[in-house]
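**Q** Predicted model follows, preceded by the sequence.
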Amino acid sequence: MKRLLISSLLGLTALISATPPSVAGDSLVIYSGRSDKFVKPVIADFTRQTGIEVTLHNGDSTALLNKLRIEGGRTEADLFLSNDAGNLQQGSDWGLFRPIDGPLLTPIAKNYRAADNTWVGLSARARVLVVNTQGPWADSLDSIFDLADPALRGKLGITNSTNGSYIAGVTVVMLAAGADKTRQWLQGMKDNVDGKVFNKHSKLVSAVASGKLQAGLVNHYYIYRHLDAHPDAPIRMVMPDQGQGEMGIAWNVAGIAITGHSRKAALAEKLVAFLISEAGQRQFAEVNLEYPTRTGVAASGQLPPAGSFRVADVPMSALSTQRDVTLDLIEQVGMP
Amino acid sequence: MTSATLIRACRDFNPGRRFASLGGLALLVVLIAVMPLLYVVYNSLQLSTDQWFQLWGSRLPELLWNTLSLAALVAIGCVLLGVSSAWWIARRDFPGRRLATWLMILPLTVPTYVFAHIYTTLLEAEGWLGRLWLGLFGDTATLPDLYNIWGVTLILSLAGFSYVFLLARTALSQSTQSLEEAARIQGARSAEVFWRINLPLLRPALAAGLAVVVLHVLSDFGAVSMLRFQTFTLSIYLQMSGRFDYQAAAGLALILVLLSLTFLVLERFFRSRQRYYSTRQGRQQPLRQATRLETGLIWLWLGVITLLAFGLPLAWMLSWSWQAWSQELINHEFWGYTANSLLVAVIAASLAVIAAFPVAFYNARKRSTGSQALLQFSSVGFVLPGPVIALGILSLLLAQLPFLYGGLAALLIAVVIRFLPLAVQAQDAAMAQLTPSLEQAGRSLGAGPLENLWRIVLPMIRNGLATAWVLVFIDTLKELPATLILRPTGFDTLPVRIWIEASEEMLELAAPAALMLVIGTLPVLWIMMRSHGNDVGSRPT
């Protein structure tokens, strides 16, 4: 027993002190806050074409950003991928990223990347309404502020207030319409949902399609994915606040940044170049039904083409600087 | 006040005393275990008075109320489920009694976040229970909602009652008959015997079982985050991840630790005032053969518990795993996650058992205020929420021991600190039966301290060591929050995959991972039950 114990102790020590062997050859590590299924197909293409292996270290965007910040120079991450521009800008503000070569990013419109090119948007999404086409509200909703109408009580679906897209959307409304109006709007929606909120956009869309709810606030692609799977579902997308003088839709991007401590910046840039190339961008458009950020690459034909609708005039960087103010507002109202 | 106890503990270790080296080791282990706490204290000291007031004004009352009422409700739920089932299994012989014991501990293999995920899925309109409900009450009926304190109570009670069951069963089957007989001779009726004899005798076991349950509730991350019930742990996580506010998180964590330590001290105080010695001379409680009616009722009750706590979750896992299997989604990556999980759990359990030994053994020898204090402080990791431990360890390692960073070390240190108290408690309990006379006999026969340790102490506490190992293994296998933050790059474990897949609603991928956790835990549970075999399989005499 003694010998067994000693030998297993020795074995343990060896195991613990051994760090995992760094992968030979060309390889990259991404801290990824996006769902595997949105990222893996494109990454697999990249590996097939270039032979560069990519490790996706999956997690919550904000938690990974925290980790990156604490790790400093010890980090293994070469890139940081997030589904929210707020996180990306926060990382830039903390000085965690290195600027990406300027000429590489020229095909990407200015509002889809950091002012200092420390991050670049890969795909954009709109915050829209999903409406049941057989119910009483089929044609009467055209503004997000309609969602606070007491007549919608018990018929409205929203996600819980820790959802990143939700927080970013509220930030845009706050900057475009003012804090007071936003507070009233949140209060009205809170009363309408009566404490019941969704963890997942997809479940919210299903509830509207089943007629249990009449309307909801979601990212646009969840509606089209639902329609892909159930072509006859009685739902449609409404782009809110499009009238003259109205605020337009809230817009957010998923994007990527190269970490300041990466020792493989050139390789990492290769990956970024691939993701914003026409081929890479088409994948985001077709597989994920998002809006490509590269000028000249069209969104999927089912979607209203980019440029055909009014977008709220709020810079992406505000999603980071105003985040705490938004969270305060959400907490004051006590959104579930 | 806490530092005063620590200082008193340190004073006991002046060299030259008999147990100095043992005490030194124990102190070292405890110092490592309180490292994350020191980090939390340091961070919360950065909070200004204004910020404390703000915390107090905005969130604390609600968090305190939510956390404490949840702990109380889950404790009640666990006692109801655990004691009732333990009573029947310890006191009646009925067909399938051995199986029943197993069925009552199998829920330990299912993590709380899996329970929460399964039950929310089952209760959707198209889920199994949802369809049943709508069929029973009509299509317009509202489905029961788990996103409230009752839902969380249900989930955590189902996931935790087994701890109460295990301890209550042992206490009930070991209590001697003579006391009960004496009471009966004095004319006490059954109810009176239960209240005045059985319940007081059960109290230490109940207190220990409830302590484990309450600590699990206080530190639970999985179920409360999935059901969005604001407890301290969830709020701390949201402060850290949503606002990047580590100081506010540390402030909340400090309050949570004080709360838990108060509870632990009360529990120990309560337990130390009651000591019940059972003498070997006392006759063991004989098992009464259950009548046919009793057998039916017993199995009805145990059946309902089993269905809810294990049957339904298992059926769900099997059905979705089958989908995954038929779609050939179970590939080498999946086996890689399984191997990672087992690797971490085996190493962490072994390290925790080794680390816990000096603390428990020192206390068994000294029984002083200092040794008791060390025992208490070794529990600190259990009550710090996983994310807080993880970030504390991360920062400390990077600042002080950067060469340890990058491999498994950070994760292992965090997990061992987190689950050390399970190992310490189990060993402490086992060492209670160590009588000094045995060791004195060894000494007089010429054995040195080390030989005594190998030939007398360790063999005598073997069961306690096995229990300690198994408890840490099971909890490590299910560990989520610290693993999410501290795992080496690309090193995914089963819980991490369950978390990722479930948040993407890829049920057919989450289910096989959950099933694998159950399968992986079975052999070690078997080892533990076998080491307690004398009363599991005890036959009527």
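**A** Structure received.
**Q** how close does the closest residue to residue A:326 other than its chain neighbours sit to residue B:42?
**A** Distances taken as C-beta to C-beta, 6 or more residues apart in numbering or on different chains place residue A:171 nearest to residue A:326, at 4.5 Å, with adjacent residues excluded. Where you see a C-beta, it was placed from the backbone N, CA and C, and this is true even at glycine. Using C-beta to C-beta, to the nearest Å, we find residue A:171 at a distance of 33 Å from residue B:42.
**Q** ok, those two, which is more surrounded?
**A** Using other C-beta atoms under 10 Å in any protein chain shown as the criterion, residue A:171 and residue B:42 rank with residue A:171 on top: 25 against 12.
**Q** circling back to that earlier point, so which elements touch the one helix or strand the residue nearest to residue A:326 maps to?
**A** Secondary structure assigned from DSSP states H and E places residue A:171 in helix A:164-177. Applying 3 or more C-beta pairs under 8 Å, 6 or more residues apart in numbering or on different chains; DSSP states H and E, we find helix A:164-177 packed against helix A:85-93, strand A:120-132, helix A:179-193, strand A:215-219, strand A:250-259, helix A:318-321, helix A:323-333.
**Q** can the ones you listed go into CSV with extra columns for mean pLDDT and distance to residue B:373?
**A** Below are those laid out as CSV (pLDDT from 0 to 100; distance: least, C-beta to C-beta, whole Å):
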stretch, mean pLDDT, distance to residue B:373
helix A:85-93, 92, 43
strand A:120-132, 95, 55
helix A:179-193, 94, 48
strand A:215-219, 94, 54
strand A:250-259, 94, 44
helix A:318-321, 86, 46
helix A:323-333, 87, 39
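**Q** Same list (the ones you listed) but as CSV, adding mean neighbour count.
**A** Converted to CSV, the helices and strands packed on helix A:164-177 look like this (neighbours: other C-beta atoms under 10 Å in any protein chain shown):
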stretch, mean neighbour count
helix A:85-93, 25
strand A:120-132, 25
helix A:179-193, 18
strand A:215-219, 25
strand A:250-259, 27
helix A:318-321, 21
helix A:323-333, 18
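**Q** which stretch among the ones you listed comes nearest residue B:139?
**A** Shortest distance between residue B:139 and these, using C-beta to C-beta, is found for strand A:120-132: 17.1 Å.
**Q** Skip ahead from that closest one and say which helix or strand is next.
**A** strand A:156-157.
**Q** how about that next one, does it get close to chain B?
**A** No: judged by C-beta under 8 Å from any C-beta of the partner chain, strand A:156-157 stays clear of chain B, getting no closer than 13.7 Å.
**Q** next one: stretch A:303-320
**A** No: using C-beta under 8 Å from any C-beta, stretch A:303-320 never reaches chain B; the gap is at least 10.5 Å.
**Q** cool, and stretch A:251-259?
**A** No: using C-beta under 8 Å from any C-beta, we find that stretch A:251-259 stays clear of chain B, coming within 12.4 Å at best.
**Q** Residue B:353 is in contact with residue B:473, correct?
**A** No: using C-beta atoms under 8 Å, residue B:473 is not in contact with residue B:353; the gap is 9.6 Å.
**Q** all strands of the stretch 1-150 of chain A, in order?
**A** A:27-32, A:53-58, A:79-82, A:97-98, A:120-132 (DSSP state E, counting those that start in this stretch).
**Q** With respect to chain B, which of these lies nearest?
**A** strand A:53-58 (4.1 Å; C-beta to the nearest C-beta).
**Q** could you dump that closest one to CSV, C-alpha only?
**A** What follows is strand A:53-58, C-alpha atoms only, in CSV (Å, rounded to 0.1, in the frame of the first residue of the first chain):
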residue,chain,number,x,y,z
GLU,A,53,-5.1,24.6,-36.5
VAL,A,54,-7.5,26.6,-34.4
THR,A,55,-8.5,25.9,-30.8
LEU,A,56,-11.8,27.3,-29.7
HIS,A,57,-11.9,28.0,-26.0
ASN,A,58,-15.5,28.5,-25.4
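**Q** I'd like to know which elements it is packed against.
**A** By 3+ C-beta pairs under 8 Å, 6+ apart, strand A:53-58 packs against strand A:27-32, helix A:36-50.
**Q** Is there proximity between the longest one and chain B?
**A** Yes: part of helix A:36-50 sits close enough to chain B to count as contact by C-beta under 8 Å from any C-beta, namely A:36, A:37.
**Q** Give the rounded mean pLDDT of that helix.
**A** Helix A:36-50 carries an average pLDDT of 89.
**Q** if we can go back for a sec, now the helix holding residue A:171 and helix A:85-93, what's the angle there?
**A** Interaxial angle of helix A:164-177 relative to helix A:85-93 (axes from the mean of the first three to the mean of the last three C-alpha atoms, to 10 degrees): 80 degrees.
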